[in-house]
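Undergrad: Okay, predicted coordinates and the sequence, questions at the end:
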Amino acid sequence: MLYIMRHGKTEWNKKKKLQGRTDIPLCREGIEMAEKAREEYKDVHLDICYCSPLIRARKTAEILLEGRNVPIVTDDRLKEMCFGEYEGIENSFSIPDCPINLLFFHPEQYTSSIGGAETFDELFGRTGEFLDEVIYPQIKEGKDILIVGHGAMNASIVCRVKNLPLSEFWSAGLEQCKMIRLL
């Protein structure tokens, strides 16, 4: 089986700042979310966990799997989508005509980089490669796998696994520290 989870809350999440590749740690609430998830998912069998090397995802995985004999392997292909010059911008949705909002409101129209942000082709390329090279072979072996990552990166994996169009990129509604079964 394949499961996916988004990291716990950070101060930037609370302030509605775009994080992207900026390496922001979990806040106290995010740590508590991961601790609650540890209890909630303690009976879910896992053979291995892959996670983003960014501290918010890595720490979520460490807290979630504390006391369990489940290896945690980081992979750069699981980093969050890069939002370029828009990383750190606060509450972009309240800024009229902010170009990066296209990515969130009309993902099917986001066809080229805006302000140095990663494109969907780049995002899907790296996450697709990760699925093909790492995940699918282990799924065929019967392994139970968890991926701990980020909103946009996780959404790209959901889209690939479920074969969703870009217009449904955000449809999974990936809540923080909630495990979703994909396969």
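TA: That came through, no problem. Residues are numbered from 1 along each chain as shown.
Undergrad: Could I get the full set of strands for the chain?
TA: 2-6, 48-51, 72-74, 145-149, 180-181 (DSSP state E).
Undergrad: hey, which of the ones you listed is tucked in deepest?
TA: strand 145-149 (a mean of 26; mean count of other C-beta atoms under 10 Å). Bear in mind the C-beta positions are built from the backbone N, C-alpha and C, glycine included.
Undergrad: quick one: least confident helix or strand in this structure?
TA: Counting by mean pLDDT, DSSP states H and E, the chain has its least confident helix or strand at helix 101-105, which shows a mean of 94.
Undergrad: could you dump it to CSV, C-alpha only?
TA: Output of helix 101-105 as CSV, limited to C-alpha atoms (Å, rounded to 0.1, in the frame of the first residue of the first chain):
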residue,chain,number,x,y,z
ASN,A,101,-2.2,32.8,-7.7
LEU,A,102,-2.7,31.4,-11.1
LEU,A,103,-1.0,28.2,-9.8
PHE,A,104,-3.6,27.9,-7.1
PHE,A,105,-6.8,29.1,-8.7
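Undergrad: List the buried residues in it.
TA: 101, 103-104 (16 or more other C-beta atoms under 10 Å).
Undergrad: From those, pick the one nearest I157.
TA: Nearest to I157 among these is L103, at 16.8 Å by C-beta to C-beta.
Undergrad: pLDDT score assigned to the spatially closest residue to the closest one that is not a sequence neighbour?
TA: In space, and not counting its chain neighbours, L103 is closest to Y110: 4.6 Å by C-beta to C-beta, 6 or more residues apart in numbering. At Y110, the model reports a pLDDT of 93.
Undergrad: Count the residues that sit near A155.
TA: 25 (other C-beta atoms under 10 Å).
Undergrad: Quick one: residues contacting the most centrally placed residue in the chain.
TA: Nearest to the mean C-alpha position of the chain, by C-alpha atoms, centre = their mean, lies H150 at 2.1 Å. Neighbouring residues of H150 by C-beta atoms under 8 Å, 6 or more residues apart in numbering: 6-7, 19, 52, 54, 56-57, 79-81.
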